[in-house]
Structures are given as structure tokens and as C-alpha cells.
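Asks: Okay, structure incoming, though there's no sequence with it:
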């Protein structure tokens, strides 16, 4: 890497901090502004935020290493995420909006009482801590591969940057930086494709020299059974993860909540093809990577083919994706702690300003803890093991019962907690103790099936028992569809300000990419992409100004 690359990374990092801090004053006005971004954010912003916060540099490290080793299998795994988005759009997203709750914790409190709300709040905090640590490790690993800095230094620097702008901007700060980060990542990844194909000698040469079975979607480790189980898990995760629930509840209508998930699914139909092609190509260029070396395949290819400046852009894109997932999770953790633990349990009369202050303090502490755990990831077997094990053990047991309760009138506080605790205990037993005590080690497929299907089985057992005994508990009153609900003046004002910040920031990003493309060798693609980005962002600004003029004219009349 050159000084230009470091300069590019620094500029984009500063931009993210500025965007987050721009929303500090606005988010401090009320808890609704800080935690819900006004509650009526544009659906396409929420969808882009959901999309980019769903993956991270772990996508390029975890799935990239699988793409390097097994080829098309990585695309098949990620296709389950596309399908899960569509299933969530059809069945789940709208139901979350109809509950009238701003967060999953609020829904649990209204429906099942404080015990269930507190149990899940603590467990989701713990889950978020581990998952965010894995994310920070992944991007630290990529930056470490490309720079002379230590892995620990990379993790700390990235973590501190994320903490700064997440602490200030609240949910709108997270949404705005997510959209800009989506632009940076998309541009940087697209630039790699033609350059990598040129280096390998063209698509035909790549197809001819690829290893046997490289274009088969399944193998022994990642079988059809694993894909089906992983698909069920993805539905549970996309539809039930508390960070993503906010994306469905903070829009204005149930229709818009569904649109959030539909666009997410559509993006995941296309994006993995673009993401996974470079590490697959690198397998042909350099087939000698062994073990955890494959985790760095993506960045090794970038270092080989990209000119000065564009490596920094790609790294900025990777960091952006990770920052998006991390800031979303950290923001959700702050909401859980401030509203559902601090205020709900200990200080019920806490003012809005104090609650927001506590949320910001917790953001810093929680972020510091994730940085510490991220540094420990290599000691527990590497990123792939941490990501898949965390998902298999905790994902189904935490999110499946809550999603199921959206459709059932018979689940109780006891059933949700019992099923969650039992599922966690069983998964942990077979993961940690069974290999030593019983000499039984589950395959990845069986581990995934157990983690997802066992809680669902218990839910069905409770459902059948309640049906036979004719037991039905009071059900949370579903609010009337609010498709024609009046939009508050404050929410409209926040949306206008947020879109303007996003558009102006995106123009700056597009200009930077165009300049890099103009000065870099083989930078024509980057230059063209930069110009396109500026044109799209400019059109958004023009449309917003025209709408403002039109509304002003109507109000005058």
C-alpha cells in the first residue's frame, strides 16, 4: 500500500465520523429521534441500511474463503439470504409494523411482560457482543493483510472510529452512514471484477483452469441439508434480529415495512455473484493458500491487481460494510440497555436527555468490549468457526420464539423463555461437551439443523398442548394498518435533512472515486462509476428541492 491508499482510507473514515456527528444535535432532541429516527424514515433508506448492515468484511473473509476453496458453494449459501428476504417480506416484516411497537423489546414487554422482555434483552446483548466482535476481527484481518500494522492495532483503530460516530448520531446517523457506506462498497467491489478477469486471462481461461467441482453449488460439508437448515436460520435472523426489526418498525406503514425486506432480497439476488467472483478467480491465479490463509484471498487479489489509491478505496469499502453492521448492532445494544434495562428496571423516571446520555455512554463501553473480544478471535479457532458456531448455537433459540409469537395466540412468557433456555443448553451441550463426554461431534449440517429446528419443534409442542387444553392467553392487540397515518412535521423535517446529508455525502464520494480513477493506472472503470454516483446523488437533491418547492406552493395556496 502507498501513502495515497492510506490517504483515501483516512478521508473516507473522517467522512463517516462527520456524517454521524452531523446528526448529533438532531438526535438529542428526543428519545424518539435518537432511538427511532422519528419513526417514519424512507423505506429505501431502511432497506439499504438493512442490506449493508446484514453483511460486513466477514462476508469477504468468511464466504470469500469458502469461495476460494469451494467455488460456487459460497454463492449457494448466500442465495439462502435472498430467499429469506422475500419470505420475511411476505410474512414477517408487516407483522412487526402492525404490533405498533418501535422495537422487539417493546413488543415483548407489551405482549409477555417484564420477565420475557428482560431475559431476551440480556441475551440479545450478549449475542450482539460476540457477533460484533467477530465482525471487527474480520475487517481487522483484511486491513492487517494489506498494511504494515499489527492485527490488534487495526481492530482498535477501526473500532474507535465506529464508536465515535455511532455515539453521536443515533439511528439517523446509523442510517445515513449505512447508505453512504453502501455506495462506497458497491463501487469498490465492481471495480475489481474487470481487473481480476484481465489478470486471469479472461472469463474463458478462468472457467477452463478452475478446479474440478468448482461450479457445483453443494459439497459434502455444505450439503443440501445444510443449505435448507441455513435458509430457515436466515429467515429467523432477517425477520427476528432486533437490529433489523428496527428497520421494519421505523418506517411509516406496513406496506413500506414489506418493501424494506423485498429490496433486501432483490439486492441479495445479485450482489453475491459480484462479491464471490474475485476470490474464485484468485484460486486460479494462486491455488496454494492453506487453512486460514484463505481468509485473506480477497485482499491478496486486490493487492495484486489494483493500482495505488484504489486499494485504499476497496479497503474503505470493506471497512464501510463492517462499520455498517457493527454500528447497527451497537446502536441496538444501546437502545436495549438505555430503554429496556436502565430506564425500565432501575430509573423509571429518568428524563429523555439522561436516557440518551446513558445510551451514548453504553455505546462507548459496549464498543470497547467488542474490540477486546475481537482481538481474542484467533484464540478460539478463527473467524469461520466463530461466525457459524455463534449462529448455530444462539440464532434460532433467541429469534425463532419471538417471531413465532407474532403468529400465535397461545405462546406465553414461560414458553418463550423455556424454549430459548432449553435450545441454548442443548446446542451448547452438543457443541462443547458431547465431543468429550460421548465422543459425538455433530457435522456442520447437523449443528445447524439442531440450532434452528429444535426450538421450532418445541414451539410446535407448546402450540399443540395449548390447543388440546383449549388454553389461549390474551393476545397483543394488533394496531390498525396505518397506511394513511398522518406524518408528523418533525419526522418529515428529519427525513428531508437526512436525505440531503446522504445525497451531499454521496456526491463527495462519487467525486473522490472519479478523481482516483482519473489519476490511477487502469482507472477508467472507477472514473465512470464515480461520475454515475454523482449523477444519481445530484438527481436526488434536485428531486428533493422540486418537492420542497411544490409543497411550499401548495401550502401558500
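Replies: Right, received. Where do you want to start? As the structure is a prediction and not an experimental result, all values here were calculated from the model.

Asks: which residues touch residue 227?
Replies: 76-77, 80, 217-218 (CB atoms under 8 Å, 6 or more residues apart in numbering). In this view, the C-beta of every residue, glycine as well, is placed from N, C-alpha and C.

Asks: Which helix or which strand is home to it?
Replies: Taking DSSP states H and E as the criterion, the element that holds residue 227 is helix 224-240.

Asks: Now do that helix: distance to the chain's middle.
Replies: Counting by CA atoms, centre = their mean, to the nearest Å, helix 224-240 is centred 16 Å from the centre of its parent chain.

Asks: Now that helix: buried residues?
Replies: 226-240 (16 or more other CB atoms under 10 Å).

Asks: got it, and stretch 145-164?
Replies: Under the neighbour-count criterion of 16+ other CB under 10 Å, stretch 145-164 has 145-147, 151, 154-159, 161-164 buried.

Asks: Turn the contacts of residue 227 into CSV, including pLDDT.
Replies: Converted to CSV, the contacts of residue 227 look like this (pLDDT from 0 to 100):
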residue, pLDDT
76, 91
77, 89
80, 91
217, 89
218, 89
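
Asks: Of the buried residues of stretch 145-164, just say which sits nearest to residue 209.
Replies: Nearest to residue 209 among these, counting by CB to CB, is residue 145 at 24.2 Å.

Asks: Work out for me the element that closest one sits within.
Replies: According to DSSP H and E, residue 145 maps onto helix 114-146.

Asks: what's downstream of that helix, the next helix or strand?
Replies: On the C-terminal side of helix 114-146, the nearest following helix or strand under DSSP H and E is helix 151-200.

Asks: ok now the helix holding residue 145, how far from the chain's centre?
Replies: Helix 114-146 has its C-alpha centroid displaced from the chain centroid by 11 Å (CA atoms, centre = their mean).

Asks: what angle do that helix and helix 151-200 make?
Replies: Orientation check (axes from the mean of the first three to the mean of the last three CA atoms, to 10 degrees): helix 114-146 against helix 151-200 gives 60 degrees.

Asks: Could I get the buried residue list for helix 114-146?
Replies: For helix 114-146, burial by neighbour count (16+ other CB under 10 Å) applies to 116-121, 123-125, 127-146.

Asks: one step back: will you turn the buried residues of stretch 145-164 into JSON lines that also has distance to residue 370 and pLDDT?
Replies: Formatted as JSON lines, the buried residues of stretch 145-164 follow (distance: CB to CB, whole Å; pLDDT from 0 to 100):
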{"residue": "145", "distance to residue 370": "21", "pLDDT": "71"}
{"residue": "146", "distance to residue 370": "22", "pLDDT": "69"}
{"residue": "147", "distance to residue 370": "21", "pLDDT": "75"}
{"residue": "151", "distance to residue 370": "15", "pLDDT": "83"}
{"residue": "154", "distance to residue 370": "14", "pLDDT": "85"}
{"residue": "155", "distance to residue 370": "9", "pLDDT": "85"}
{"residue": "156", "distance to residue 370": "11", "pLDDT": "88"}
{"residue": "157", "distance to residue 370": "14", "pLDDT": "85"}
{"residue": "158", "distance to residue 370": "11", "pLDDT": "82"}
{"residue": "159", "distance to residue 370": "7", "pLDDT": "84"}
{"residue": "161", "distance to residue 370": "13", "pLDDT": "78"}
{"residue": "162", "distance to residue 370": "9", "pLDDT": "76"}
{"residue": "163", "distance to residue 370": "9", "pLDDT": "78"}
{"residue": "164", "distance to residue 370": "14", "pLDDT": "74"}
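
Asks: Show me how far stretch 4-21 is from its chain's centre.
Replies: 21 Å.

Asks: Stretch 222-239 too?
Replies: How far stretch 222-239 lies from its chain's middle: 17 Å, per CA atoms, centre = their mean.

Asks: Could you count how many residues lie near residue 373?
Replies: Burial of residue 373 is recorded as 19 neighbouring residues (other CB atoms under 10 Å).

Asks: contacting residues around the nearest residue to it once chain neighbours are set aside?
Replies: Closest residue to residue 373 apart from its sequence neighbours, by CB to CB, 6 or more residues apart in numbering: residue 133 at 3.5 Å. Residue 133 is in contact with 370-374, 376-377, counting by CB under 8 Å, 6+ apart.

Asks: repeat for residue 374
Replies: Shown in contact with residue 374 (CB under 8 Å, 6+ apart): 132-137, 140, 155, 159.

Asks: which of the contacts of residue 133 has the most neighbours?
Replies: Within those, residue 374 tops the neighbour count with 30 neighbours, counted by other CB under 10 Å.

Asks: name the element that residue belongs to?
Replies: Assigned by DSSP H and E, residue 374 belongs to helix 352-376.
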